[in-house]
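Visitor: Please work out how this folds:
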Amino acid sequence: MTKPTSSAPSQRMLRVGEQVRIAITQVLQRGDVRDPLIETAVISVSEVRMSPDLKVATAYVTPLGQKDHTAVIEALNKHARYLRGRVSPMIRQLKYMPELRFRDDTSFDNYAKIDALLRSPEVARDLGHDDGSDNDNDNDNNNNNDGEN
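Guide: Numbers count the residues shown, from 1 in each chain. Next up is the predicted model:
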């Protein structure tokens with residue numbers, strides 16, 4: 001009987017992904033890669049997603065303080081084999097060191113859009129932060145609770 005497939009990552013995929021993320025971060029912090037784009041950029045590795053067979057690691061990175069992320073992502077992908085060799089000694093429990101791929105992390109942009117939406121006047125009005133009606137209801141509920149105890 002076959003196991004049903006799930007789109008959620010397994011516990012092992014998550015654990016190995018976090019170990020690879022830490023190892024990539026350490027290599028980038030040490031400045032082992034001799035590339036002017038990578039040396040001058042502050043790179044945040046926010047997540048590493050592993051393939052189900054643990055042979056491919058996709059690292060989602062954000063070059064902080066730079067408008068054009070594509071040049072840094074291309075430089076990281078160009079040096080992916082070298083980075084794989086530098087990361088390999090840090091992760092000894094794997095039979096095969098995964099191939100590294102780098103992608104631009106757009107989650108920070110998504111967070112900024114959501115934050116801007118939540119701070120918009122329309123949402124504040126819908127949530128009722130401008131009027132004091134919510135505070136009056138809270139006080140009435142507190143008085144009712146005091147009588148019950």
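Visitor: Find the residue at the geometric middle of the protein.
Guide: Ser46 (3.5 Å; C-alpha atoms, centre = their mean).
Visitor: So for the lengthiest helix in the chain, what gets flagged as buried?
Guide: Counting by DSSP state H, the longest helix found in the chain is helix 11-30. Buried residues in helix 11-30, defined by neighbour count with 16 or more other C-beta atoms under 10 Å: Met13, Val16, Gly17, Gln19, Val20, Arg21, Ala23, Ile24, Thr25, Val27, Leu28. All C-beta atoms are positioned from the backbone trio N, CA, C, and that covers glycine.
Visitor: and the residue nearest to the centre of the chain, how far is that from Arg84?
Guide: 19 Å (C-beta to C-beta, to the nearest Å).
Visitor: One more: Met13?
Guide: Noted for Met13: a distance of 18 Å to Arg84, by C-beta to C-beta.
Visitor: Same check on Ala124?
Guide: Taking C-beta to C-beta as the measure, Ala124 falls 48 Å from Arg84.
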